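[1] Here's a sequence, model it:
(chains A, B, C and D)
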2 protein chains.
Amino acid sequence: MERTPRQRRNPRREAPPTAAIGLRPGRASKPDQAPIRARGLDRAVEIFQLLHALRKPIAIGEIARRLKAPRSTIYEIVNLFLAADILEYAGDGSEVFFGRAIYLYANDYNATHAIVRLGHEEVRRLATLTGETVQLCMPVGNKYAVVAMQNSARLFRIGSDVGVLVPIPWTASGRFFVAHMSLAELRAFIPPEDFRLQDGRSLDPRKFLAEARAAREAGVCTIAGLIDDYATCIAAPVVDHKGHCLACICFIVSSATGRKRLAELSSLLTASARHLSAVSEED
Amino acid sequence: MERTPRQRRNPRREAPPTAAIGLRPGRASKPDQAPIRARGLDRAVEIFQLLHALRKPIAIGEIARRLKAPRSTIYEIVNLFLAADILEYAGDGSEVFFGRAIYLYANDYNATHAIVRLGHEEVRRLATLTGETVQLCMPVGNKYAVVAMQNSARLFRIGSDVGVLVPIPWTASGRFFVAHMSLAELRAFIPPEDFRLQDGRSLDPRKFLAEARAAREAGVCTIAGLIDDYATCIAAPVVDHKGHCLACICFIVSSATGRKRLAELSSLLTASARHLSAVSEED
DNA sequence: GTTGTCTGTCCGATATATTGGACAATTGAT
DNA sequence: ATCAATTGTCCAATATATCGGACAGACAAC
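    So this is what the prediction gives:
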């Protein structure tokens, strides 16, 4: 009577009310002026995001400075997390960073999400098979992140590293993450500044959405010169049973790659994506 | 002037004031009687620990029930974490679990900790080389966790899975984590119930500490019949420059294994541990 | 139909967590 | 030696986050 497993009570609910993954969500619309109190939990999330953005240990006092938070508060929170091994002392004596508990939690995450586990394998397989650079990407908040990557020997240097958050419009993969949205939803979801590409060009949301829908129809998306002028990105979506995009697997190849080769890679990719979609079902 | 990297300000500070990784740290010494208010942050940590203990998605209401916390509070906290992708909806509609952000944070953790990255490799290498089961373990709070494991084909079933927290006295590896402590520190550090082994026997803290110190001297520790009657555990410590034990790498072999073979494995293990100790220096 | 149990949201009241400041101890630079 | 900038801890005051309870809607069982 207690452990009765229920089924989806609240059918329409995909995204939580507030979407915030970027730094400093802030409660007031004005750039924090009034010395309002912030809640410890909000501060905690900000600390995580700051550490992730830095990707290296940082002094506790420095956290307070960057977050514009009282030192005493940050010490309080950090000490709590240190006690739980969610944060750890790292680097030279007085710096902190993510701790072991986070590692274990991520392990649990992987265990329940077949995509991540199997996606890694597929990335490796495709990379050794083709010699190209392969990535597995997943949406995170209103950005997306490279979750696994295998670099090809031949290609120079890839813009994004594993784990960093990238604006959705910047890549072919991003198309699939938003293909189900209306224009209004899209505008609300993606921060305006993310439509400004790395080379300075601005992307029209309307055009972006059209591309996204076309990509969704085609099942693959090939875009040249998005990451940089000499790279072409080919992406295919991993979808759940409702057709919603959970992840993308993609090649990053030289823009000089011939049509025939591109078609070859495309079909490899869609096969992989279909495979992952199938096995990801038993979540 | 701003980014001046400082060196260890507070030389003697290894463990945070309060050590708590077990469930329900609780603030009052009495088993929570008075309906005192709990802080959101404490609740947050409890939620993480609960999810980790369950290792599968759970309904939000159920979290509140198990934590004996008000539903409204848990909803508030969980929704905040959902917005930050630290938690995610998973399983059937109304359940939550660790989210993508945790995965990314763990990635950052790995990047800064050479031990974890290289430890995985060593585990794989030793496993394929010897055909035995190999584990990498690290302390987490007052327990320890298997961080990486490669199962041998031959051995039946290993008691501990990757990620689960195990009492320190239960394994050979545990010896190294406490070898530097005094008896009083040891008693304060390890929960009394952890000295009761799986088979019901109780381990004397004094004897345990003596074993630990002997193990530290020897550089390896071989103990039979601890996990179960038919398994022997051989462990070697990965230490930092101060000689403090950061992790253990260990074999789990059949108790029928001959002396010569055990010696062979021991020397392999110590070599691996030394190697990891060396490369882990540039933290 | 009714009943019981669940989810997700909202709302005052009050217990308290956050805050800003002050503190001693440490470090590096001058 | 003196200075300026750190770290880590402690404290009392007050802005507010937590709590408990109530709510509507969904689902299953009967």
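[2] okay, CA-based contacts and neighbour counts for the rest of this
    Will do.
[3] Look at the residue in the stretch 51-200 of chain A that chain B sits nearest to and tell me its secondary structure.
    Closest residue of the stretch 51-200 of chain A to chain B, Cα to the nearest Cα: residue A:93 (3.9 Å). When classified by DSSP: H, G, I helix; E, B strand; the rest coil, residue A:93 comes out as coil.
[4] Hmm, residue A:88 and residue A:82 touching each other?
    Yes. Using Cα atoms under 8 Å, residue A:82 is in contact with residue A:88, at 5.5 Å.
[5] Residues that sit against both of the two, list them.
    Shared contacts of residue A:82 and residue A:88 (Cα atoms under 8 Å, 6 or more residues apart in numbering or on different chains): residue A:99.
[6] ok, which residues in the stretch 51-200 of chain A are in contact with DNA strand D?
    A:59-62, A:71-72, A:75, A:93-95 (Cα under 7 Å from any atom of the strand).
[7] swap the cut-off to 10 Å and go again
    When proximity is defined as Cα under 10 Å from any atom of the strand, the stretch 51-200 of chain A approaches DNA strand D at A:58-65, A:70-76, A:78-79, A:89, A:92-96.
[8] Next, see if the lengthiest helix in chain A gets close to chain B.
    Ranked by residue count and defined by DSSP state H, the top helix of chain A is helix A:259-279. No. Helix A:259-279 stays clear of chain B (Cα under 8 Å from any Cα of the partner chain), getting no nearer than 15.0 Å.
[9] Okay, strands next: where are they in chain A?
    In chain A, the strands defined using DSSP state E lie at A:58-59, A:87-90, A:95-98, A:133-140, A:143-150, A:165-167, A:221-224, A:231-239, A:245-254.
[10] relative orientation of the longest one and helix A:259-279 in degrees?
    Counting by axes from the mean of the first three to the mean of the last three Cα atoms, to 10 degrees, strand A:245-254 lies at 160 degrees to helix A:259-279.
[11] Which residues does strand A:245-254 contact?
    Against strand A:245-254 from outside (Cα under 8 Å, 6+ apart): A:119, A:123, A:132-139, A:155, A:173, A:176-177, A:230-240, A:265, A:269, A:272-273.
[12] picking up where we left off before, now the longest helix of chain A: buried residues?
    A:262, A:265-266, A:269-270, A:272-274, A:276-277 (16 or more other Cα atoms under 10 Å in any protein chain shown).
[13] likewise stretch A:49-57?
    By neighbour count with 16+ other Cα under 10 Å, stretch A:49-57 contains the buried residues A:49-53, A:55-57.
[14] restrict the residues of the stretch 51-200 of chain A next to DNA strand D to those near DNA strand C?
    A:64, A:70-76.
[15] Flag every residue of the stretch 51-200 of chain A that's near chain B.
    Proximity of the stretch 51-200 of chain A to chain B is confined to A:52, A:55-56, A:77, A:79-85, A:90-94, A:97-110, A:112, A:140-141, A:147, A:163 under the rule Cα under 8 Å from any Cα.
[16] Show the buried residues in these.
    By neighbour count, with 16+ other Cα under 10 Å, those hold A:52, A:55-56, A:77, A:79-85, A:90-94, A:97-110, A:112, A:140-141, A:147, A:163 as buried.
[17] How about chain A: which residue is closest to DNA strand C?
    Per Cα to the nearest atom of the strand, residue A:40 is where chain A lies closest to DNA strand C, at 3.0 Å.
[18] if I pick the spatially closest residue to that residue that is not a sequence neighbour, what's in contact with it?
    Nearest residue to residue A:40, sequence neighbours excluded (Cα to Cα, 6 or more residues apart in numbering or on different chains): residue B:41, at 6.4 Å. Contacts for residue B:41 (Cα under 8 Å, 6+ apart) come out as A:40-41, A:44, A:77.
[19] so what pLDDT did residue B:41 get?
    The model reports residue B:41 with a pLDDT of 92.
[20] Pull up the gap between it and DNA strand D, please.
    Going from residue B:41 to DNA strand D by Cα to the nearest atom of the strand, to the nearest Å gives 6 Å.
[21] same question, residue A:126
    Here the criterion is Cα to the nearest atom of the strand. By it, residue A:126 lies 41 Å from DNA strand D.
[22] Once you drop chain neighbours, what's closest to that residue?
    Closest residue to residue A:126 apart from its sequence neighbours, by Cα to Cα, 6+ apart: residue A:134 at 7.0 Å.
[23] Okay, residue A:52 and residue B:106: tell me how far apart.
    Distance check for residue A:52 against residue B:106: by Cα to Cα, to the nearest Å, it reads 10 Å.
[24] How about residue A:236?
    Where residue B:106 is concerned, residue A:236 sits at a distance of 26 Å (Cα to Cα).
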